[in-house]
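Visitor: Coordinates for the following, if possible.
(2 chains)
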Amino acid sequence: MINSLCSSLEKEVEERSGEKVRLCYQCGKCSNGCLFNFAMDILPHQVMKLVQYGQKERLLRSHTIWLCAACETCTARCPNDIDVARVMDTLRQMALEEGVKPSERIIPLFHRCFLGNIKVTGRISEPILMGSYKTLSGDLFTDMELALEMLKKGKIKLLPSVIKNRRELRRIFKETRP
Amino acid sequence: MKEYSYFPGCSQLSSAEEYGISAQEVSEALGFRLKALPDWNCCGASSAHMTNHLLSLALPGRNLVLARQEGRDLVVICAACYHNLKSAQMELLSDEAAAHRVEEIVGSDPRFEGRIVTLLDVLAEELGLDDMEGRVKSKLEGLRPVSYYGCLMARPRGIMEDDDPDNPAFMDRLLSVLGAEVKNWSYKTDCCGGSLSLTRPDIVASLVNRLFEAAEEAGANCMVTACPMCLANLEMRQSEKRLRYSLKHDMPVFFFTELMGLALGLEDVEDWFGRHLIDPRPLLAQAGLTR
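Guide: Numbers count the residues shown, from 1 in each chain, chains lettered A, B, ... in the order given. Modelled structure (predicted):
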């Protein structure tokens, strides 16, 4: 795949994440320890290299940036103290801000539903979260049996717990809109 | 009685209600009280820090304002909330511009300078294990747990105090003191994939099954965790029918606070065990730990 070069990418990612991506010398510890490496299209150490190389389009369109679960194994093990998980956060945020069509459609959609739930009630309520996520993802029936069992065990509450100061909540979401 | 501020986290309202209740009851039995922050809000979980950095400071920021007003150290029992609150605290205390921006948004100074700790930290400091041993009423003999810290409690950007981020040991020692035969394994902090549980159950299934295989191989008959996301994920994604996976596991998963309650002889333990998707009561009966 031929990609356009974005010469400012390394600088942009470093400024936004506060991490010195240029220090990565490709030891591969992040990729070896990554629990999700088997599902990724670009391995974490390759992500670091591609940031150095300005391969923005490839990175923002990758499955990897959405499959990273932010467990921070990479961060804990990097010999150069690069917070690799934080760099992944930055790439995800850039992908969303630039309107790149995500390779993993429903993962960012789930995040949107999750934050949408917080915006309304201040705390997560499974019926609200699952209602919006199931509707928007179109994946209506997976886990239905599980949901019923959880309801029976009292692990899902039908009534949401709502915080009192919703004015502050609205302000947080208004002021932090990217 | 010494008081701590306490951040319950959303899962304690629903899927992990037994974690919150057992944490509070165990604390009181051991002589300290967890006082919930008034009107706390969700920390934003993975969804905030993955998609919007400022939001991932402002949502915890509002809670840090509340903690600052209460003026006590803050105990966070959920590993994910702990991670988010502590990460935000570190950034707000070290980056003045960020602190000012969040102050504008949440309306008050978010620079909480008290300590943010897990319940395991508190147990280590307040009690120590020798003292704990003297309080055990029924030894957990017959239980062979592996301790599963999950990823976020042991290494929130390498900042959990006094333990090895790749091989934490305090929970193992605690369970041994309670009389359990703790098994050693190499998967203590391997991520279970919790944040992808609903969106990519295929990936999560392989991670969860790998954990149960390893636990079985280590000779364990249960897993013990300190993270409500892990417990939900491990219980939900374990059985064959749900996973369409070749192995069938039915290994119970406990919160460490539940086993503490059992060992301390607290009254409500049966209620907690009855809420699990994988019923641990047959194992407890087999081990002679049912009253």
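Visitor: mind checking pLDDT for the residue lying farthest from the centre of chain A?
Guide: Taking Cα atoms, centre = their mean, the residue of chain A most remote from its mean C-alpha position is A:K152, at 31.3 Å. On pLDDT, A:K152 comes in at 87.
Visitor: contacting residues for it?
Guide: A:K152 makes no contacts at all, as judged by Cβ atoms under 8 Å, 6 or more residues apart in numbering or on different chains. To be clear about C-beta, it is placed using only N, CA and C from the backbone, and glycine gets the same treatment.
Visitor: what about it, distance to B:L264?
Guide: Applying Cβ to Cβ, to the nearest Å, the value for A:K152 to B:L264 is 29 Å.
Visitor: Do you know the pLDDT at B:L92?
Guide: 98.
Visitor: Next up, the contacts around the closest residue to it other than its chain neighbours.
Guide: Nearest residue to B:L92, sequence neighbours excluded (Cβ to Cβ, 6 or more residues apart in numbering or on different chains): B:A99, at 4.7 Å. Contacts for B:A99 (Cβ under 8 Å, 6+ apart) come out as B:L92, B:L93, B:D109, B:P110, B:R111.
Visitor: Over to A:T142?
Guide: Counting by Cβ under 8 Å, 6+ apart, A:T142 makes contact with B:P201.
Visitor: So it, which state does it fall into?
Guide: coil (DSSP: H, G, I helix; E, B strand; the rest coil).
Visitor: Pull the number of nearby residues for the residue in chain A positioned nearest to chain B.
Guide: Taking Cβ to the nearest Cβ, chain B has its nearest neighbour within chain A at A:C71, 3.4 Å off. Using other Cβ atoms under 10 Å in any protein chain shown, A:C71 has 25 other residues around it.
Visitor: What ranges does the stretch 101-250 of chain B have for its helices?
Guide: B:119-126, B:129-135, B:151-154, B:170-177, B:201-217, B:228-236, B:240-243 (DSSP state H, counting those that start in this stretch).
Visitor: burial of the closest residue in space to B:T189 that isn't next to it in sequence, as a residue count?
Guide: Distance criterion Cβ to Cβ, 6+ apart; nearest residue to B:T189, sequence neighbours excluded, is B:A154 at 4.6 Å. For B:A154, the neighbour count with other Cβ under 10 Å is 27.
Visitor: B:A154 contacts B:A169, doesn't it?
Guide: No: B:A154 lies out of contact with B:A169 (Cβ atoms under 8 Å); the separation is 10.2 Å.
Visitor: what about chain A, any weak spots by pLDDT?
Guide: Judged by pLDDT under 70, chain A has its weakly predicted residues at A:1-3.
Visitor: Now the helix ranked longest in chain A - C-alpha only, PDB.
Guide: The single longest helix within chain A, with elements called by DSSP state H, is helix A:106-121. Provided in PDB are the C-alpha atoms of helix A:106-121 (Å, rounded to 0.1, in the frame of the first residue of the first chain):
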ATOM      1  CA  ILE A 106     -18.600  -1.100  16.500                       C
ATOM      2  CA  ILE A 107     -15.800  -0.400  19.000                       C
ATOM      3  CA  PRO A 108     -15.900   3.400  18.700                       C
ATOM      4  CA  LEU A 109     -19.700   3.200  18.500                       C
ATOM      5  CA  PHE A 110     -19.700   1.400  21.900                       C
ATOM      6  CA  HIS A 111     -17.500   4.200  23.400                       C
ATOM      7  CA  ARG A 112     -20.000   6.700  22.100                       C
ATOM      8  CA  CYS A 113     -22.900   4.900  23.700                       C
ATOM      9  CA  PHE A 114     -21.000   4.500  26.900                       C
ATOM     10  CA  LEU A 115     -20.200   8.300  27.100                       C
ATOM     11  CA  GLY A 116     -23.800   9.100  26.000                       C
ATOM     12  CA  ASN A 117     -25.000   7.100  29.000                       C
ATOM     13  CA  ILE A 118     -22.800   9.100  31.400                       C
ATOM     14  CA  LYS A 119     -23.900  12.300  29.900                       C
ATOM     15  CA  VAL A 120     -27.500  11.600  30.700                       C
ATOM     16  CA  THR A 121     -27.300  10.000  34.200                       C
END
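Visitor: residues touching residue 67, list them.
Guide: I'll assume chain A. A:F36, A:A39, A:M40, A:E104, A:I107, B:L196, B:R200, B:I203.
Visitor: other chain: chain B
Guide: B:S5, B:F7, B:L37, B:L74, B:F112, B:G114, B:I116.
Visitor: Can you lay out those as JSON lines showing neighbour count, pLDDT and distance to B:F255?
Guide: Formatted as JSON lines, the contacts of B:A67 follow (neighbours: other Cβ atoms under 10 Å in any protein chain shown; pLDDT from 0 to 100; distance: Cβ to Cβ, whole Å):
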{"residue": "B:S5", "neighbour count": "25", "pLDDT": "98", "distance to B:F255": "20"}
{"residue": "B:F7", "neighbour count": "26", "pLDDT": "98", "distance to B:F255": "16"}
{"residue": "B:L37", "neighbour count": "20", "pLDDT": "98", "distance to B:F255": "21"}
{"residue": "B:L74", "neighbour count": "25", "pLDDT": "97", "distance to B:F255": "19"}
{"residue": "B:F112", "neighbour count": "26", "pLDDT": "98", "distance to B:F255": "26"}
{"residue": "B:G114", "neighbour count": "16", "pLDDT": "97", "distance to B:F255": "25"}
{"residue": "B:I116", "neighbour count": "27", "pLDDT": "94", "distance to B:F255": "20"}
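Visitor: Can you list the buried residues in stretch B:185-205?
Guide: By 16 or more other Cβ atoms under 10 Å in any protein chain shown, the buried positions in stretch B:185-205 come out as B:185, B:187-201, B:203-205.
Visitor: wait, I meant stretch A:153-166
Guide: Result for stretch A:153-166 [16+ other Cβ under 10 Å]: buried residues A:K153, A:K155, A:I156, A:P160, A:I163.
Visitor: In helices, which of those fall?
Guide: Per DSSP H, the buried residues of stretch A:153-166 never map to helices.
Visitor: where does chain B have its least confident helix or strand?
Guide: helix B:240-243 (a mean of 50; mean pLDDT, DSSP states H and E).
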